[in-house]
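Q: need the 3D shape of this:
(chains A and B)
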Amino acid sequence: MSEKQDNQLSRREFLSGSTAAAGLAVAPGVFLTLTAQAKPAGQPVSSENRWGMLIDSNKCANGCTSCVSACEQENGWGSANPTENKSSPEQKAQWIRKVTLRDKETGHVQSLPLMCQHCEHPPCVDVCPTGASFKRADGIVLVDKHICIGCRYCMMACPYKARSFIHEDLQDQLPHAPRGKGTVESCTLCVHRVDRDSDKAVPACAEACNSEGHRAMVFGDLKDPDSEISRELKNYGGEQIRADLGLNTGIRYRGI
Amino acid sequence: MTRLYRFARNLPAGILMLVTLALPLVVQGGGVPMPDVPKAKRHYSADSECVAPVDEMRKNHMEYILHQRDETMHRGIRTPQFALEECINCHVPENTEVRAGNPEHFCSSCHTYAAVKVDCFQCHADRPVKQTNFHPLTSGRMPHHGSDISNNQESLSEETLLVLTNQGGKEE
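A: As a prediction, the model looks like this:
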């Protein structure tokens, strides 16, 4: 009996000792990530970050389109820009869309948001003749509309149908999301938010999903092992859409 | 003698040339008024009216904007000093009906005079947009919640539960 108590004591001692050690180990780690992530406004983006998103289609509610409307409001397209009124629905800009999948055998219905997947090896960048379609150091794929000639090769090359072409003169664009006739555009991963505050930035779609209570979209730094997205991916995994293409997408899905 | 002769022979041509050169000056001075450039809303700092000396900005603003354009687009540097957004915020009144292309617009006032076309505003906002429209705290919630945000939260969390319990292969 006394021997058992001794054992328990020694285990408790061991446990308390180990947690103290873990606490010490975590504290400097947290401090390090804070200093590493905050980017001052005058500093360029670096390849030490790679922004990505994890989307859990099990948590994504059928019929809910708050991510899409949030993106419209944030970036001034679709319903948020009534001056794009002459194009047909197929021609209109679609930075993010809700896709519903139905399994023919089981009848199981899934829905998920689909947008630019911010590939590590983006086909849109490969085919661009002017260099307008490019990938930033931090992995965000963008269109530089100043040098886009509107050839739309990138739209053909994208396996995810993520890009749109603007067919008509627009007005009342938002200052942080310039868009105009004759250029191609797509999801920017709310790059203006990321640049302003990379520590706390959340794209408008993920923010809306959280405020709806679904929490299906997790945004973060794939290269930071302590970020929520990296921990989730490490513990529970995540899939790429068309992983067979070897594009290494920054947007990962779960439950597809 | 020959020199004098040559001078006399060329005199009418010289006078004609001078008159021809001076003619546009006379017409311009009388016909096209100097642009009436709208005043900026505020001074950049106590020492400086604009983000660089005014003469420098009049002459080279396009270089600054072009440089900032590439820095922002490709390297994510969004410092406000030479940002087009800040030019517009300071030089164009809010809620104005005057759009780019109208000679009363700050940019167009000079560009019309100088006959230099700008294509910035095919894509960029030509007047200030109120910050509240896209504040990080409100965007994404405003469009679809309306006023009864708390009620929506209740029903949506139930919906989330439904979806979560249905994930075992059943259809919703």
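
Q: now do the helices in the chain.
A: Unless you meant another one, I'm taking chain A. A:2-37, A:66-75, A:123-127, A:153-157, A:191-196, A:204-211, A:228-236 (DSSP state H).

Q: actually chain B
A: B:2-31, B:54-75, B:84-91, B:106-114, B:142-145, B:149-165.

Q: which secondary structure elements does the third one contact?
A: If contacts are counted by 3 or more Cβ pairs under 8 Å, 6 or more residues apart in numbering or on different chains; DSSP states H and E, helix B:84-91 sits against helix B:54-75. Where C-beta positions appear, they are placed from N, C-alpha and C, glycine not excepted.

Q: and the helix it packs on, does that touch chain A?
A: Yes. Remark: helix B:54-75 sits within contact range of chain A at B:R69, B:E71, B:M73, B:H74, B:R75, by Cβ under 8 Å from any Cβ of the partner chain.

Q: between which two of those is the distance greatest?
A: B:R69 and B:R75 (11.0 Å; Cβ to Cβ).

Q: where does the prediction get shaky in chain B?
A: In the predicted model of chain B, residues B:1-8, B:10-30, B:131-172 satisfy pLDDT under 70.

Q: who's in contact with A:K234?
A: Going by Cβ atoms under 8 Å, 6 or more residues apart in numbering or on different chains, A:K234 touches A:P225.

Q: gap between it and chain B?
A: Distance of A:K234 to chain B, given as Cβ to the nearest Cβ, to the nearest Å: 22 Å.

Q: with A:I166 instead?
A: From A:I166 to chain B the distance is 9 Å (Cβ to the nearest Cβ).

Q: tell me the contacts of the residue nearest to that residue when sequence neighbours are not counted?
A: In this structure, A:I166 finds its nearest non-sequential neighbour in A:K181, 5.3 Å apart by Cβ to Cβ, 6 or more residues apart in numbering or on different chains. Contacts here follow Cβ under 8 Å, 6+ apart; on that basis A:K181 touches A:I166, A:H167, A:E168, A:D169, A:L170, B:Q122.

Q: list only buried entries from these.
A: Applying 16 or more other Cβ atoms under 10 Å in any protein chain shown to these, the neighbour count classes A:I166, A:H167, A:L170, B:Q122 as buried.

Q: okay if I get the contacts of A:K181 as CSV plus distance to A:R254?
A: Converted to CSV, those look like this (distance: Cβ to Cβ, whole Å):
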residue, distance to A:R254
A:I166, 33
A:H167, 36
A:E168, 38
A:D169, 41
A:L170, 36
B:Q122, 41
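
Q: of these, which pair is most distant in space?
A: Distance extremes for the contacts of A:K181: the farthest pair is A:H167 and B:Q122 at 13.2 Å, using Cβ to Cβ.

Q: A:K145 touches A:G180, doesn't it?
A: Yes. Between A:K145 and A:G180 there is a contact under Cβ atoms under 8 Å: 6.8 Å.

Q: return every residue with contacts to both of the two.
A: Shared contacts of A:K145 and A:G180 (Cβ under 8 Å, 6+ apart): B:C123.

Q: out of the buried ones among the contacts of A:K181, which is nearest to A:C158?
A: A:C158 lies nearest to A:I166 out of the buried ones among the contacts of A:K181, by Cβ to Cβ, at 16.1 Å.

Q: do you know how far the closest one is from A:F219?
A: 26 Å (Cβ to Cβ, to the nearest Å).

Q: give me the neighbour count for the closest residue to B:A83 other than its chain neighbours.
A: Spatial nearest neighbour of B:A83, chain neighbours left out: B:Q68 (6.0 Å); criterion: Cβ to Cβ, 6+ apart. When neighbours are counted by other Cβ atoms under 10 Å in any protein chain shown, B:Q68 registers 19.
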